[in-house]
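# what's the 3D shape of this:
(2 chains)
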Amino acid sequence: MKLPEQVVRLGTVILALLVIVLSLRFFILPASFFSAQPHQAEKVVREMAKPPHYAGAASCRECHAEQFTAQSAGYHRNIACENCHGPSAQHAAGDKSAVPRVQKDREFCLACHAYNRSRPNGFPQVDPQEHNTRKQCIRCHDAHDPVPPETPKDCGGCHGRIARTKALSAHALLPCADCHKVDEQHMLHPRSALPTKPDSRESCGRCHAASATGPDVSKATVDLASHGGKYVCWECHYAHLPEGPK
Amino acid sequence: MNKREFLTDAVLFFPAAGLLEALALEAQGKELSADTATGYDPTLHWYGMGIDVDKCIGCNRCVEACKAENDVPDEPYYFRTWIERYTVRRDGKTTVECISTKPGPAKQAEPEDPSVVRTFFVPKLCNQCAHPPCVQVCPVGATFQTKDGVVLVNEKTCIGCRYCIQACPYGARYLNPRTRTADKCTFCYHRVTKGLQPACVEVCPTEARIFGDLNKLSDRLVRFQRANDISVLKPDLNTDPKVRYAQLDGEVR
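Coordinates of the predicted model:
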C-alpha cells in the first residue's frame, strides 16, 4: 500500500522537527544551558552590588569624633550611631541633603527602656506612666552618655548571670572583691576602669595550695609547683563555677 | 514570506538563539565565579550568626533596620527577621507572640502576673541551614546556597510557587507582594561581602547578635560558641542551622 503524498510530507516534517529538537536538547546545547548555575552566579553578583543603607559606626567616627568619644565611655557604648540616627550611608558618603534623623520623642527611648517583664534582669527600665510623664527623656539624660540615677550597689546589678552562677557554686560565699579589685570608677563608667583578674597562681593558692594554712583551706588542694605549669588557675578552671570534688 | 522560508527560519532560529544564550551565560558564569573584580573569595568564608537570648531586650531595632536595609515591605507582617516573646507559665503552658507586628512600647504597663515562671525574647531569622530544605524543594533552582553558605533567592527565576515557604521549618520566608517571589534574610549579603556587619547586628544595642565566619579559628562567633552553651532550633531536622543560640530555653522552637 502506498501512503498518500501529504502524509509522507507531513511525516517527514514531523520527523525532521523531532530530530532537530532532540539533537538540540542532547547534542547542540551545552549542559550548562539547562543548569541554574549561571543564573545563580549572576544573582550573587547582583546581590553583592546592592548599596548598603547603613554606613556603620566606624564611618561616623571620622567626622563626629567628639560624640564618639563621649559615647564609647558610657553605657551606650555598644549602640551603633545609626541605631538612633537612622540609616545614614548617603550622609556618610558626603550627601549634605541627607541629614540623619534626631530622635527627641519619648516613645523612641521607651522602645528599649519601658518596663517589660520579658527584658533581661538588670536592664534599666522605667514605668512610662510614672516616670516624668510627657517629658522628653533627653531633657534630663544625655543620650550619648546616659548616667544611671544611682550607682549600682553590688556587682550582681549588672553581672547578674555571673552572680547567679556563683551563688550555686562552691565559691558562693566568696565576695567578688576577694579575686577582683574593683575601682569605684568602674561602677560609674564601666569601661574607664576595668576590674582586675588574679594574675598569679598564689591568689588561688591561698586556699588551694597544698602548703596553705589557715581557716579557709579548701579540700581541693594541689601542689602549685607541679600542677598546671605556667598557666594561671582561671585559664583552665572557671572560678565562678569550679568543678566539684572528683 | 512563503511557507518554505518560514519553516527554514523557524528551524534555524531555535538553535541559533539557544547557542548564543548558552554561550553568553557560560562566559558570564565563568567570569562571575572567578570574581576578580571585587577581590572577594566566597570559598574562604562560611558565615554564621550567634544570638545571646539573655541579652535581647525586644526593642525591635533589628527588625526596623532590616526593613530599611533590604527594602522589605513596610506592612507589619512581612519580616526577614522578627522577635518572638515567650511566656512560660506555672502550669507548663507556653505562649509565643511575635512582638514585631506591633512595634513601640506598650501603652499600658502589664499587671504583675504570678503565674508566669519566666519570660524572654527570642530573635528569629533565616537559619541559613547548611542543608537547606528550601533549596531541595525549589523546582527551578531559584533558591540556592552560595559558596560562603548563605541561602539566596534569585527573584528573576523564582516562579512564586511558594513551595519553599512551605518547606522552611523556621517560617523564615515570605512572598514579597511587590515582586511576587519568595524573599528571605540574606545575612545582608551585600554588606558582609564588603566587610560590614549585617544591619541587624550593626544596630543591636545590647550585642545580642554576633555575626562571624565559622571558618576562622579566631573569630568572635567562634569564641562565642566556645564560651556559651550553644543550641540550634529544631536540631532533629538535621538542617544544621548556622544561626546558633546561646542560653536558649528548652521551650523555644
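# ok, the residue of chain A found nearest chain B - how many residues close by?
Here chain A gets closest to chain B at one residue, residue A:36, 2.9 Å apart by Cβ to the nearest Cβ. C-beta coordinates here come from the backbone N, C-alpha and C atoms, glycine included. Per other Cβ atoms under 10 Å in any protein chain shown, the neighbour tally for residue A:36 reads 17.
# List of residues touching stretch A:206-214?
Contact with stretch A:206-214 is made by A:202, A:205, A:216-218, A:220-224, A:233, as judged by Cβ atoms under 8 Å, 6 or more residues apart in numbering or on different chains.
# Please indicate which of these are buried?
For those, a neighbour count by 16 or more other Cβ atoms under 10 Å in any protein chain shown gives the buried set as A:205, A:218, A:222, A:224, A:233.
# Tell me who's in contact with residue B:166.
The contact partners of residue B:166, taken as Cβ under 8 Å, 6+ apart, are residue B:137.
# Tell me if I am right that it is in a helix.
Yes: under DSSP: H, G, I helix; E, B strand; the rest coil, residue B:166 falls within a helix.
# Which residue ranges make up each domain of chain A?
A:59-139, A:174-235 (automatic domain parsing).
# Could you list the low-pLDDT ranges of chain A?
Where chain A drops to pLDDT under 70, the residues are A:148-150, A:191, A:244-246.
# Tell me where the longest helix sits in it.
Criterion DSSP state H: the longest helix present in chain A is helix A:5-23.
# Tell me which helix or strand comes right after it.
Next along the chain after helix A:5-23, taking DSSP states H and E as the criterion, comes helix A:37-48.
# which ones are touching the most centrally placed residue in chain A?
Chain A has residue A:78 as the residue nearest its centroid, 9.0 Å off, counting by Cα atoms, centre = their mean. By Cβ under 8 Å, 6+ apart, the contact set of residue A:78 is B:205-207.
# which non-adjacent residue is nearest residue 87?
Going with chain A. residue A:53 (3.9 Å; Cβ to Cβ, 6 or more residues apart in numbering or on different chains).
# Not quite, go with chain B.
residue B:119 (4.4 Å).
# returning to that earlier point: I'd guessed the residue of chain A closest to chain B sits against residue B:141; true?
Yes: with contact defined as Cβ atoms under 8 Å, residue A:36 and residue B:141 form a contacting pair (2.9 Å).
# just for the stretch 1-150 of chain B, where's the confidence low?
The stretch 1-150 of chain B contains residues with pLDDT under 70 at B:22, B:24-37, B:104-109.
# In it, what residue comes closest to chain A?
residue B:141 (2.9 Å).
# how near is that residue to residue B:152?
Noted for residue B:141: a distance of 12 Å to residue B:152, by Cβ to Cβ, to the nearest Å.
# residue boundaries of the helices in the stretch 151-253 of chain B?
Secondary structure of the stretch 151-253 of chain B (DSSP state H, counting those that start in this stretch): helices at B:163-167, B:189-192, B:199-203, B:220-227.
# And the third one, what does it pack against?
Right, the one you point to is helix B:199-203. Helix B:199-203 is packed against helix A:81-85, helix B:61-70, strand B:209-213, with contacts defined by 3 or more Cβ pairs under 8 Å, 6 or more residues apart in numbering or on different chains; DSSP states H and E.
# If we use 6 Å, what do you get?
On a contact count with 3 or more Cβ pairs under 6 Å, 6 or more residues apart in numbering or on different chains; DSSP states H and E, helix B:199-203 meets helix B:61-70, strand B:209-213.
# Make TSV out of those and add mean neighbour count and distance to chain A.
Listed next are the helices and strands packed on helix B:199-203 as TSV, based on neighbours: other Cβ atoms under 10 Å in any protein chain shown; distance: least, Cβ to the nearest Cβ, whole Å:
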stretch	mean neighbour count	distance to chain A
helix B:61-70	23	5
strand B:209-213	22	11
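# got CSV for these, with distance to residue B:4 too?
Converted to CSV, the helices and strands packed on helix B:199-203 look like this (distance: least, Cβ to Cβ, whole Å):
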stretch, distance to residue B:4
helix B:61-70, 55
strand B:209-213, 63
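# where do the helices sit along chain A?
Under DSSP H, chain A gives helices at A:5-23, A:37-48, A:57-61, A:65-73, A:81-85, A:89-92, A:106-113, A:160-167, A:184-188, A:201-208.
# Near residue B:171, how many other residues are there?
Neighbours around residue B:171, by other Cβ under 10 Å: 12.
# Show the model's pLDDT score for it.
pLDDT for residue B:171: 94.
# So which bits of chain A are right by chain B?
Residues of chain A found near chain B (Cβ under 6 Å from any Cβ of the partner chain) are A:24, A:28-30, A:32-33, A:36, A:38-41, A:43-45, A:47-48, A:50, A:52-54, A:56, A:78-80, A:83, A:87, A:110-112, A:114, A:117-120, A:123, A:127.
# Which PyMOL command selects the buried ones in those residues?
If you want just the buried ones from those in PyMOL, going by 16+ other Cβ under 10 Å, the selection is:
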select buried, chain A and resi 29+33+36+38+39+40+41+43+44+45+47+48+50+52+53+54+56+79+80+83+87+110+111+112+114+118+119+120+123
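# element containing residue B:117, please.
Per DSSP H and E, residue B:117 falls inside strand B:116-125.
# other SSEs contacting the helix or strand just after that strand?
Later in the chain than strand B:116-125, the nearest helix or strand by DSSP H and E is helix B:133-137. The helices and strands touching helix B:133-137, judged by 3+ Cβ pairs under 6 Å, 6+ apart, are strand B:143-145, helix B:163-167.
# what sits against the residue positioned nearest the centre of chain B?
When chain B is reduced to its mean C-alpha position, the closest residue under Cα atoms, centre = their mean turns out to be residue B:185, at 2.8 Å. Residue B:185 makes contact with B:80-81, B:125-126 under the criterion Cβ atoms under 6 Å, 6 or more residues apart in numbering or on different chains.
# and with 7 Å instead?
B:80-81, B:125-126, B:172 (Cβ atoms under 7 Å, 6 or more residues apart in numbering or on different chains).
# ditto for residue A:81
Contacts of residue A:81 (Cβ under 7 Å, 6+ apart): A:57, A:60.
# Excluding residues flanking it in the chain, which one is nearest residue 102?
Picked chain A for this. Leaving aside its sequence neighbours, residue A:102 sits nearest to residue A:85 (Cβ to Cβ, 6+ apart; 7.0 Å).
# wrong one, I was asking about chain B
Of all residues beyond its chain neighbours, the one nearest residue B:102 is residue B:76 (6.9 Å), with distances taken as Cβ to Cβ, 6+ apart.
# Look at residue B:12 and say how many residues are nearby.
11.
# likewise residue A:18?
10.
# What of residue B:138?
Around residue B:138 there are 23 other residues, counting by other Cβ under 10 Å.
# check contacts around the residue nearest to it when sequence neighbours are not counted.
Distances taken as Cβ to Cβ, 6+ apart place residue B:164 nearest to residue B:138, at 5.6 Å, with adjacent residues excluded. By Cβ under 7 Å, 6+ apart, the contact set of residue B:164 is B:134, B:137-138, B:143, B:173, B:182.
# of these, closest to residue B:62?
residue B:173 (17.8 Å; Cβ to Cβ).
# Enumerate every residue touching the closest one.
By Cβ under 7 Å, 6+ apart, the contact list for residue B:173 reads B:134, B:164-165, B:182-184.
# can you pull out the strands in chain B?
All strands of chain B, identified by DSSP state E, fall at B:47-52, B:81-89, B:94-98, B:116-125, B:143-145, B:151-153, B:174-176, B:181-183, B:209-213, B:230-231, B:243-246.
# Perfect, I'm done here.
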